[in-house]
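J.: okay, structure incoming, though there's no sequence with it:
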């Protein structure tokens, strides 16, 4: 009799209970082969009865070594649902056809009970296993929340993995500098020391290849795995089992967990899943530790940069205190022994500040400066190349011109980091640190020095801007004064023009004039000098290229001549240089809707060009003049539009009140005289082939219409007929320039009319 149990995870059949002739046989194992005839038969869930040796041979039942040949046998499957989990077999050595329906039925009943018992036991074991794993994961979670020390948390995770998975050894590997090799941060078990001393190379060995692939895997026979590499200092292990789970964040492998077991049960998929869960906790621990370190480092840097900014705010007119604190903080935060700040004046590099633990080394280094850009030092290279210089070992430098190499031993440094200070495209200086440790500074150190370099530039700029601000304040005050004049003079541009030229003359230290575009040319509207002053151009100047102001209007852009006597001056300037009262002149157009409508010019009897900022200010004055012109125009248009609307409303009120049209005609002519400023307004109505006046007004008011005035509709005889017949407006601007019909000739002589506007 025998009971055979199938391990569904490993597909191994364990013959756990075997008896023959009253004695128990040793347990045996064999691989489960689904296509084996007896296994296919049992998979159906029905008993397999073999009555003789021929039947057993036909289905592949062979006598096991060390046992007797049986004459008949029966196999009864143990099923859980549709799963074949075991089988019971009984053999007879006495006779063929030994098992009938009764024996088979009894055996089937026993098999059914066994199936229930096996499933209950499996579920119980699974529940216990899950509880242990959940407890372990919860404990690791508590560890994560209670400690930010990476080694502590990783040690606990490795212990849990070893204990819960029944492993002999466990370890967690993290990358070394460069990321291609890994070392164990923690290891437990008999081989822990050898594991810690072992370097895992990505892509080499089982662990190295799994680190490279990022995929978890279990290997139940490492000796049979072609990827295996013998760890130095360890003995070969028979029946060694290994599970490896890479620590993966996104698509990046950040390390690996590994556990080893010698002999015993093989690892299964559930073991691997549990280890994957622990690996996620390990990855969280990695991230927590990294974030803590980064936060701590960031806080230190923020504090340092905050200190620098505080000094900057307290020293708006002096850069030296800023340079001193930068030199000290740069050295401390990069782990360097020396910190330096250098200024570059365009020709030579000067020491601006230094911080170091070796006074002799600092003094020796200072003796090398001032130094021109070149190969003499890391600072000189940074200025020459406009780039970061990161030297891992000054002793390895083979440039004969490298002067700093001679004092490296005295000062006690081996590595140097130099970062230029940039303002726009100009180098203002260098921040530099040195340390005794061999090896290049890391990216974070470079970024930190770049930050300090930016702050140094801020300090330099603050001092420069402080002075410029004083000047800008004067300019803003001047332009504000002009704006106040603009707001106080909405109907007249002259006060604004006067304020503009006076302000420009005061700020530029030059004479100023403003001209506007009129029908006859550029008419001078305001000037900062008296009319009897030296010649600065006629009151009205033509718009041509024979003057700077004319050319400015034509090109609609600001122009200047630094010296009218210079060979490079425009021909028109040199041609009239002796007649002019100035040697230099600058002008900016007054632009409205992309078209020049005037110009403002400033001139001086001394040669010299205005700076870009001064030219921009001159353009601002021009803009203010345009604002004043536009204000007046808009106000006039608004006033006119309001009057037109009022007149139209008056007429509409007359139209809506009576049924008689005469009041409407009267209102129309009265309004026309008032709004158009004409001498006479007449409404004439057609009747057939004649027309006659119905209402007439002059500036004195309504005028009676002669009742007998009836005129023929004849374009040859009178002007109104031309508008009537042509059905279009007729505007005659000057009667003296045209031939008048007899009717209009009489009106001209009687009333003195010289121009008319007819609207049908």
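T.: That came through fine. Keep in mind it's a predicted model, so treat the numbers as computed, not measured.
J.: okay, buried residues for the one helix or strand residue 195 maps to please.
T.: Take DSSP states H and E as the rule and residue 195 turns out to sit in helix 192-197. Buried residues in helix 192-197, counted by 16 or more other Cβ atoms under 10 Å: 192, 194-195. Just so you know, the C-beta spots here come from the backbone N, C-alpha and C atoms, and that holds for glycine as well.
J.: closest one of those residues to residue 345?
T.: For the buried residues of helix 192-197, the residue nearest residue 345 by Cβ to Cβ is residue 195; the value is 59.8 Å.
J.: beyond the helix or strand where residue 116 lies, next helix or strand please.
T.: Counting by DSSP H and E, the element that carries residue 116 is helix 101-146. Going down the chain from helix 101-146, the next helix or strand is helix 150-164, by DSSP H and E.
J.: so which bits of that following helix are buried?
T.: Those would be 150, 153-158, 160-162, 164, for helix 150-164 by 16+ other Cβ under 10 Å.
J.: which other helices and strands does the next helix or strand after it contact?
T.: Sequence order places strand 169-175 as the next helix or strand after helix 150-164, per DSSP H and E. Judged by 3 or more Cβ pairs under 8 Å, 6 or more residues apart in numbering; DSSP states H and E, strand 169-175 is in contact with helix 150-164, strand 181-189, helix 192-197, strand 252-262.
J.: can you list the strands that whatever helix or strand comes next after the third one pairs with?
T.: Following helix 192-197 in sequence order, the next helix or strand is strand 200-201 (DSSP H and E). Here strand 200-201 is paired, per DSSP bridges, with strand 181-189 (antiparallel).
J.: in space, not sequence, find me the middle residue of the protein.
T.: residue 447 (17.8 Å; Cα atoms, centre = their mean).
J.: what about that one, distance to residue 417?
T.: Distance from residue 447 to residue 417, counting by Cβ to Cβ, to the nearest Å: 11 Å.
J.: same check, this time on residue 476
T.: For residue 476, the distance to residue 417 equals 43 Å [Cβ to Cβ].
J.: about what we covered before: what packs against the helix holding residue 195?
T.: Going by 3+ Cβ pairs under 8 Å, 6+ apart, helix 192-197 lies up against strand 169-175, strand 181-189.
J.: what about that helix, average pLDDT?
T.: In this model, helix 192-197 carries a mean pLDDT of 88.
J.: one more: stretch 254-263?
T.: 88.
J.: give me the distance from it to the chain's centre.
T.: 42 Å (Cα atoms, centre = their mean, to the nearest Å).
J.: give me the buried positions along stretch 715-726.
T.: 718-724.
J.: with stretch 406-421 instead?
T.: Across stretch 406-421, burial judged by 16+ other Cβ under 10 Å covers 407-408, 411-421.
J.: how many residues are close by the closest residue to residue 325 other than its chain neighbours?
T.: Nearest non-adjacent residue to residue 325, counting by Cβ to Cβ, 6 or more residues apart in numbering: residue 311, 5.0 Å away. Applying other Cβ atoms under 10 Å, we find 20 residues neighbouring residue 311.
J.: which residues touch residue 311?
T.: Residues near residue 311 by Cβ atoms under 8 Å, 6 or more residues apart in numbering: 321-322, 325.
J.: that one and residue 459: what is the separation?
T.: 8 Å.
J.: same check on residue 693?
T.: Here residue 693 is placed at a distance of 86 Å from residue 459 (Cβ to Cβ).
J.: between these two, tell me which one has more neighbours.
T.: residue 459 (24 against 19).
J.: residue 543 is in contact with residue 554, correct?
T.: Yes: in this structure residue 554 lies within contact range of residue 543 using Cβ atoms under 8 Å: 6.5 Å.
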